[in-house]
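**Q** structure here, sequence nowhere to be found:
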């Protein structure tokens, strides 16, 4: 009986000593108890000893540890918010939150995207960026620019995948060289897959509208468009529009242009918005445009026609009107010019008698016409849009050209 009493007292004293530990002792014991378990689970998972026998055990251990740690974090966060009396923006109804985000500027959406994962997923959505894209870039970014962007983001995605593969290989080799050098047979497929997932989660998708918008704003995306009166209104290019690769400068709100490599190579800077447009037709500058309006042309119609100085140069689009024959007085009631197979193209920006003033084409079998002295005339497009016609009139030269 005395032996039993002594044993009970000893057990009570020992148990109290374990329950009343100092903070540093608690931290040490916690580190000791958790650290080795994590190490063992990771080692068993990533080694060849991770067979079918150990896999269910290690999975259950990690699952229980993850559940316990996540539950503690959630409870602590909820308790802190309740104690502080704060209401999170994410507590708002989805419709209310969406209305708030729709009113934000592009910079505001970018700022909100850095708040948390949930806000990032919302603020990078194409739904919010379509409006900003249309308002600022809708008239300048055409089908050709979108095709160029698709080609670029495919190349970017391939480059990222290549860099990711190289990073994964390097990180695995570094970890093996610095840790357990004698275990050269250790394989880490799971750690690699986790690294790829974390990278993709934190990287903006290259095919998103937000990515396109930011690339345009930063000037990193050179996109195809057309420039009126290239080379800052050079006399040789008055009332013309040429293809170019453009880059935006947000500091000056202007553009830099690289003109076609065919023929003359030219760079131009500080081009304002009002001298730019998206290509109205999907015809490359080195190809003849197929004219579908020749039989409808009549005097007074506004047109654009392809012209190039020589066959080595790209085409540009030049503004003109359909004129009358010399024998016609221009009276609408007596004019029969539109019944003739020959069509008179008139470029009124040049003085009468200039070799550039008029050109005649055959509406039935029109192809590229011209010579090395006067240049080559290509396809024709008729202008129906009043806005297009008014744009050309605004660009009219202040004095008649020779």
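**A** Received the coordinates, thanks. The model shown is predicted, which means the values in this text are computed figures rather than measured ones.
**Q** how much space between residue 397 and residue 254?
**A** Separation of residue 397 from residue 254 (C-beta to C-beta, to the nearest Å): 22 Å. C-beta here means a position set from N, CA and C on the backbone, and glycine is covered the same way.
**Q** check contacts around the closest residue in space to residue 126 that isn't next to it in sequence.
**A** Spatial nearest neighbour of residue 126, excluding adjacent residues (C-beta to C-beta, 6 or more residues apart in numbering): residue 209 at 4.5 Å. Residues counted as contacts of residue 209 (C-beta atoms under 8 Å, 6 or more residues apart in numbering) are 126, 129-130, 133.
**Q** let's see it at 10 Å
**A** Shown in contact with residue 209 (C-beta atoms under 10 Å, 6 or more residues apart in numbering): 124-134.
**Q** again with residue 116
**A** 88-90, 122.
**Q** at 8 Å instead, please
**A** The neighbourhood of residue 116, defined by C-beta under 8 Å, 6+ apart, consists of residue 90.
**Q** how near is it to residue 122?
**A** Residue 116 is 10 Å from residue 122, by C-beta to C-beta.
**Q** repeat for residue 316
**A** Counting by C-beta to C-beta - residue 316 and residue 122 are separated by 45 Å.
**Q** what about those two, which has more around it?
**A** residue 316 (23 against 20; other C-beta atoms under 10 Å).
**Q** got any residues that touch both of residue 116 and residue 122?
**A** With C-beta under 8 Å, 6+ apart as the test, residue 116 and residue 122 reach no residue in common.
**Q** find the nearest non-adjacent residue to residue 223, please.
**A** Residue 223's closest residue in space is residue 145 (C-beta to C-beta, 6+ apart), at 4.1 Å.
**Q** now the buried members of the contacts of residue 209.
**A** Neighbour-count burial (16 or more other C-beta atoms under 10 Å) applied to those gives 124-125, 128-129, 132-133.
**Q** can you redo those residues as JSON lines with distance to residue 348?
**A** JSON lines is the format used below for those (distance: C-beta to C-beta, whole Å):
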{"residue": "124", "distance to residue 348": "51"}
{"residue": "125", "distance to residue 348": "50"}
{"residue": "128", "distance to residue 348": "47"}
{"residue": "129", "distance to residue 348": "44"}
{"residue": "132", "distance to residue 348": "41"}
{"residue": "133", "distance to residue 348": "38"}
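**Q** closest to residue 287 among the residues you listed?
**A** Nearest to residue 287 out of those is residue 133 (C-beta to C-beta; 28.9 Å).
**Q** what ranges does the stretch 251-400 of the chain have for its helices?
**A** With helices called from DSSP state H, counting those that start in this stretch, the stretch 251-400 of the chain shows them at 386-394.
**Q** show me the shaky parts of it.
**A** Applying pLDDT under 70 to the stretch 251-400 of the chain flags residues 261-265.
**Q** same thing with the stretch 101-250 of the chain?
**A** Residue ranges of the stretch 101-250 of the chain with pLDDT under 70: 156-157, 160, 163-206.
**Q** that older thread, what about the residue nearest to residue 223, neighbour count?
**A** Applying other C-beta under 10 Å, we find 21 residues neighbouring residue 145.
**Q** do residue 228 as well
**A** So residue 228, with other C-beta under 10 Å, has 22 neighbours.
**Q** how much space separates it from residue 393?
**A** From residue 228 to residue 393 the distance is 12 Å (C-beta to C-beta).
**Q** and for residue 281?
**A** For residue 281, the distance to residue 393 equals 21 Å [C-beta to C-beta].
**Q** so which residues of this structure form strands?
**A** Assigned by DSSP state E, the chain shows strands spanning 223-228, 240-249, 254-259, 267-271, 276-277, 302-308, 316-322, 342-346, 358-362, 369-371, 375-382.
**Q** just send the ones you listed back as JSON lines, with distance to residue 329 too.
**A** Below are these laid out as JSON lines (distance: least, C-beta to C-beta, whole Å):
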{"stretch": "strand 223-228", "distance to residue 329": "34"}
{"stretch": "strand 240-249", "distance to residue 329": "31"}
{"stretch": "strand 254-259", "distance to residue 329": "43"}
{"stretch": "strand 267-271", "distance to residue 329": "43"}
{"stretch": "strand 276-277", "distance to residue 329": "36"}
{"stretch": "strand 302-308", "distance to residue 329": "21"}
{"stretch": "strand 316-322", "distance to residue 329": "16"}
{"stretch": "strand 342-346", "distance to residue 329": "14"}
{"stretch": "strand 358-362", "distance to residue 329": "17"}
{"stretch": "strand 369-371", "distance to residue 329": "27"}
{"stretch": "strand 375-382", "distance to residue 329": "24"}
